[in-house]
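Chemist: no sequence on this one, just coordinates:
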């Protein structure tokens, strides 16, 4: 048997954007318990001068998960650039920029930001790999990915400013 035949006989390993994007809601589902059981709401109140309680934590995360699941379903079934762009915009804010948030707040507070471990181990690599796959799929070009991540950063900042700091600057 030649190597060409053996390679042809092996089933292809398919890692498509449409399949892999489901790793993002899974990563998010694994991140939520780390934040909750490590006391993220109290930590935010103590270290970041935010107003957060457990009820708000669960409400926000439930809403964000519902949006992420809806966009995941749309992007996995549609082959449009728009669905990929909207999904990546929301998902980058929810995961990639959340990873950046945990790193920055850990450094700022000089204290472990609850959620940092799962954000570093899951959010960062999964967010980068989904960007690679959407590029490979041809659904978005590099400029579209950069635009989606920029919108995701804006969404993350808006959520932090409005939801945690009630449209105030907490350190002013």
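Modeler: That came through, no problem. In this text the structure is predicted, and so the values were computed from the model without any measurement. Residues are numbered from 1 along each chain as shown.
Chemist: The closest residue to residue 34 other than its chain neighbours: neighbouring residues, count only.
Modeler: Spatially, and ignoring its direct neighbours in sequence, residue 34 is nearest to residue 118 (4.7 Å; Cβ to Cβ, 6 or more residues apart in numbering). In short, each C-beta sits where N, CA and C put it, glycine included. The number of residues packed near residue 118 is 22, by other Cβ atoms under 10 Å.
Chemist: Contact partners for residue 118?
Modeler: 27, 30-31, 34 (Cβ atoms under 8 Å, 6 or more residues apart in numbering).
Chemist: can we see that at 7 Å?
Modeler: 30-31, 34 (Cβ atoms under 7 Å, 6 or more residues apart in numbering).
Chemist: what helix or strand is it on?
Modeler: helix 116-118 (DSSP states H and E).
Chemist: After the helix or strand bottoming out on mean pLDDT in the chain, which helix or strand is next?
Modeler: Here the helix or strand of the chain ranked lowest by mean pLDDT, DSSP states H and E is helix 3-9, holding a mean of 55. Downstream of helix 3-9, the first helix or strand assigned by DSSP H and E is helix 17-20.
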